[in-house]
Structure formats: structure tokens, C-alpha cells
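Undergrad: Got a sequence here, can you model it:
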Amino acid sequence: MQDSVFCRQFSMKLLFRMKPQSAFYAGDYSEILACPFPHSDMLFQAIAKAWEMLWGKAKYDLLESYLKDTKPFSISSIFPVIGNVYFVPKPISWNILASTGKGKSTSIPPIYWISAETYRAWLAKQETTWNTKNFIHPGLYASTLEMEQIQCQVAWNADYGRLRNCVEVCTGQATAFAANQVFYAKELDWYFIAECTQEYSEKLEATIRLLADEGIGGRRSIGCGAFQFIPPMPIPASLDFVEKNIEGNFVIFSLYHPSAADIQNNILENAAYQWTFREPWRRNAQQQQIGMLQEGSCFSKNMSAYNALLDITNPGMSEHAYTYVYPFQVVAPEAGGKHE
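TA: Here you go, the predicted model:
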């Protein structure tokens, strides 16, 4: 359950929708086809930088607000939306039934994202049966009714294997590097959810407006990560479950680094979770990777009070380095005993 101090400060949840205007580069990690969108730590990095560009570090130091436990806002990671069909991370506890004919078995491809209606069915403890017509490459699954609104068959693709040349301005020497860019179907947009007060919602909107031009992720100098700004909107009816209070089991819609108190309280007991390892976002030194629980991880135990930022400063460094680790929690019906 979110700590009460944090909850009292929030007055609204808003949905920020963004229309990609270019390819996206997030590094060369292997899961990019499964999740080719900025995670919550990368999104916060971009927001913090744009925040400083808009208002300066002295007057509106966003990091200082978090360090003082003010917690101006909470954000999810970025997810896909096609038309009016919003997709969320597939909860690790969620299962799909194989549709089998007489003497035949069904091979189900990996599913990384499920539609909001499919998530609502999971909350209602309704079983979902595999239907190949409801699958969108490379790993999205929607309900039959939602598929009537969706025209694209491939949501995104990557250009792995294609090389680009980087030419040094001074020497003229060319160096080849892997492109590793993701290209999205024209029908696909991004979105994320933020929970904040009225005061910070206005600043956050201005920040996202600036990021539309600045871009998110790597290789922004060649145009990667740019998007069209769309004013924030209330949470749509299909995503109303993100508004529900957490009273028991929940799923996280952002990356989360467990606090020492949560580990001591066995937060991972009877949980369904998966780890990922992330590079820190401040390049003041060579840092070790940080273990984070992925979006879609399911829990049955309440979390303790924790900080939104994790200090990952190396000894001897004068400038502190932080990464965003606050869990964006969404109601769930159950949490199984599965982990990777």
C-alpha cells in the first residue's frame, strides 16, 4: 500500500498521451522488442533534466523535493496505445488458456502487453482463451471487441543488424555502430500515468511539452525519441482500475527497487515477479547495474514507506547520482508464486 504521507499530497491522476514522431533508441539491451518504451527511471531522468531547463536548479530543484520526502508526483512507465485501446504490462500472475482442437495443441507466442479490457477481465477472475486473431506482433493481446477497432498487425519493429557510421568532426574518421532503433506503426501512440497535485500537474505538463521537442532516450541528436505533445487528460473509463484504492494485492506499473525494510518484511514472499538490471542515469562515474523489479510484477504484501530516489553515488564522487525507484501500484486480484 502506498505510504499515507505520499497519498495525502496527491489529488488527481492524469494520463499523458504522446504520438511518436521518430524512431526510439533505448540502448542495446536484449528486451527492447518486448518493451521498446522508456521505463519509469528513464522517463524521470528526462523529466528532471527538462525541469531544470525550464525553471533552473536553484528555484525548482525537483530532486531536492524528492530527497526532502515531498514527492511532487508519481509516474508509471510508458506504455502503448492504439486508437482507444490502451495496453498495460502483462501481470506475471496472469495466464491465458490454450485453445485446442481435436488432436491439436496451440503454441502461444510470448505476450508482454494486454489490453485494458483483458486486464479488467483478469480482475473479475474471468479466464482468457487464446485467439490468434487477437494477437498483435510482437507481443500484444486484446479482446475480440477491441480488435474491431485496431487495424495494424505489427505494432513496432527494430533494425537490429543494420550499421550506422559516426564521423568525427575534427578527424573525419568514421566508426560503425549498431543502429538498434525501434520504429512504430503509425497507429500507435505512447502514454503514461502521473499522480500529482494541481500545482505540480501544471509544471509537469510544461515539462512534457518541452520533452516533445527535446526527445526521450538516446541519440536525440539524430532525432530519436521525439513525439507530438497532447494535453493531459483524465483517466479513461477503460483504465478505471488504476483509480481504485490498494487494499490487498497489487501490480506495479513502474520499475521498483525494494527497500531494505521490504526485503526484511519478505515482500517477495508469495509474489510473482521478474528482475531486470538497469544502468544508472547519471554518468558521473562507472556505476554498477541496479536490480529492479519489472512492470507487471505482482505482490500480496503491503510495501513499507520508502524513498522515491535511490542514491547510487560512487565513493569519492562530489556530485550525487540518483535513480527513480518508486513503485506505481495498481489493484490486482491475486499474486501467485512465480518469479524469474
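
Undergrad: Please read off the pLDDT at Phe277 from the model.
TA: Phe277 carries a pLDDT value of 87.

Undergrad: got the contact list for it?
TA: Residues counted as contacts of Phe277 (C-beta atoms under 8 Å, 6 or more residues apart in numbering) are 289-292. Using the backbone N, CA and C atoms, a C-beta is placed for each residue, glycine as well.

Undergrad: Make sure it is indeed in a strand.
TA: Yes. Counting by DSSP: H, G, I helix; E, B strand; the rest coil, one finds Phe277 located in a strand.

Undergrad: Among the contacts of Phe277, find the lowest-pLDDT one for me.
TA: Scoring the contacts of Phe277 by pLDDT puts Gln289 last, at 79.

Undergrad: Name the nearest residue to it, ignoring sequence neighbours.
TA: Spatial nearest neighbour of Gln289, chain neighbours left out: Phe277 (4.1 Å); criterion: C-beta to C-beta, 6 or more residues apart in numbering.

Undergrad: separation between that neighbour and Val251?
TA: 21 Å (C-beta to C-beta, to the nearest Å).

Undergrad: Same question for Ala26.
TA: Ala26 is 22 Å from Val251, by C-beta to C-beta.

Undergrad: And these two? Which one has more around it.
TA: Val251 (29 against 22; other C-beta atoms under 10 Å).

Undergrad: In this structure that one contacts Cys298, no?
TA: Yes. With contact defined as C-beta atoms under 8 Å, Val251 and Cys298 form a contacting pair (5.2 Å).

Undergrad: Please identify every residue contacting each of these two.
TA: Common contact partners of Val251 and Cys298 (C-beta under 8 Å, 6+ apart): 91, 93, 332.

Undergrad: quick one: which of those is most hemmed in?
TA: Most surrounded of those: other C-beta under 10 Å gives Pro91, at 27 neighbours.

Undergrad: In a helix, that residue, correct?
TA: No. Using three-state DSSP, the secondary structure at Pro91 is coil, not a helix.

Undergrad: Pull the contacting residues for it.
TA: 114, 119, 122, 251, 272, 296, 298, 332.

Undergrad: mind listing what's buried in whichever strand or helix holds Glu64?
TA: Element membership for Glu64 (DSSP states H and E) is helix 62-67. Of the residues in helix 62-67, 62-63, 65-66 count as buried by neighbour count, 16 or more other C-beta atoms under 10 Å.

Undergrad: can you dump the C-alpha coordinates of it into CSV?
TA: This file holds the C-alpha atoms of helix 62-67, laid out as CSV (Å, rounded to 0.1, in the frame of the first residue of the first chain):
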residue,chain,number,x,y,z
LEU,A,62,13.0,18.6,-8.4
LEU,A,63,15.5,16.2,-7.0
GLU,A,64,15.7,18.2,-3.7
SER,A,65,12.0,18.0,-3.3
TYR,A,66,12.1,14.2,-3.5
LEU,A,67,15.0,14.0,-1.2
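
Undergrad: Tell me the helices and strands packed up against that helix.
TA: helix 40-55, strand 309-311 (3 or more C-beta pairs under 8 Å, 6 or more residues apart in numbering; DSSP states H and E).

Undergrad: Skipping its backbone neighbours, what lies nearest Ser115 in space?
TA: Ser115 sits nearest to Ala142 (C-beta to C-beta, 6+ apart), 3.9 Å away.

Undergrad: just checking, the one you found touches Lys133?
TA: No. Using C-beta under 8 Å, Ala142 is not in contact with Lys133; the gap is 9.8 Å.

Undergrad: higher neighbour count, these two?
TA: Taking neighbours as other C-beta under 10 Å, Ala142 and Lys133 compare with Ala142 leading, 25 against 7.

Undergrad: Could I get the pLDDT score of that one?
TA: Ala142 is given a pLDDT of 98.

Undergrad: Would you mind listing where the protein has pLDDT under the threshold?
TA: Along the chain, the model assigns pLDDT under 70 to residues 1-10, 28-32, 58-60, 100-105, 160-179, 280-288, 305, 334-340.

Undergrad: At the geometric centre of it, which residue sits there?
TA: Centroid-nearest residue in the chain: Ser77, 2.0 Å away (criterion: C-alpha atoms, centre = their mean).

Undergrad: could you show me where the helices are in the stretch 1-150 of the chain, in order?
TA: For the stretch 1-150 of the chain, the helices defined by DSSP state H, counting those that start in this stretch occupy 4-9, 40-55, 62-67, 116-123, 144-147.
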